[in-house]
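# The following block contains a protein sequence and its predicted model.
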Amino acid sequence: DRVHHQEELEVEAGIYHAPGKVDVVGLGFITNMAEYMVAADVLVTKAGPGTIAEAAAVGLPVMLTSFLPGQEAGNINVVLDGGFGDHCEDPDCIADEVSCWLQDEQLMRVMSQQAREVGHPHAASDIVLEIGQATHDALKKNAMQEQIQSQQP
């Protein structure tokens, strides 16, 4: 039929129509990533550890498109094993899969919840507190040792 033939011609010409209506906004470098992550439905990104951690902390499903070999390869498993995203390098497949996610509200809820379970939104603060406590304990121990040594003949 005519419609099928037109679709074949478009595929051959590199024209692609993903199912559903998806607004894609490419922003380049921004300094207020957290605000965008909270407002987004899905994050399409490379497998940077900080970006994955931030997305998980706010419950944002992630489509990973690439990784730096050796340095970021293991980060893909965090997302796959955590059940809050996928990895694909083919733009057409990325469009298909993300479109499917966005059309399935239950799947989006599950992926968002699984991201939150993996995420640690207060990790940086917890690390700072732990380092502060360890430093305090070390200073206290050093002060006690100095006091003991000063009392010895």
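Perfect, thanks for sending it.
# can you pull the contacts of Q151?
Counting by CB atoms under 8 Å, 6 or more residues apart in numbering, Q151 touches no other residue. The C-beta positions use only the backbone N, C-alpha and C, and glycine is treated the same way.
# Same check on Q113?
Contacts of Q113 (CB under 8 Å, 6+ apart): G59.
# cutoff 10 Å now
Each residue near Q113 by CB atoms under 10 Å, 6 or more residues apart in numbering is listed here: G59, G83, F84.
# what ranges do the strands span in the chain?
Counting by DSSP state E, one finds strands in the chain at the ranges 43-45, 62-64, 85-87.
# Can you list the strands that the last one pairs with?
This means strand 85-87. Counting by DSSP bridges, the strands paired with strand 85-87 are strand 62-64 (parallel).
# next one: the partner strand to chain centre, how far?
Strand 62-64 has its C-alpha centroid displaced from the chain centroid by 7 Å (CA atoms, centre = their mean, to the nearest Å).
# Just name the shakiest helix or strand of the chain by mean pLDDT.
Within the chain, confidence by mean pLDDT, DSSP states H and E is lowest for helix 2-12 among all helices and strands, at a mean of 67.
# ok so, going back, which of the contacts of Q113 fall in helices?
Assigned to helices by DSSP state H, none of the contacts of Q113 qualify.
# center of the protein, which residue is that?
I52 (2.3 Å; CA atoms, centre = their mean).
# now that one: how far from K140?
Separation of I52 from K140 (CB to CB, to the nearest Å): 37 Å.
# How about T65?
Computed as CB to CB, the T65 to K140 distance reads 49 Å.
# so who does P153 touch?
P153 makes no contacts at all, as judged by CB under 10 Å, 6+ apart.
# can you pull the pLDDT of the closest residue to I30 other than its chain neighbours?
The spatially closest residue to I30, leaving aside those adjacent along the chain, is Y36, at 6.7 Å (CB to CB, 6 or more residues apart in numbering). What the model reports as pLDDT for Y36 is 88.
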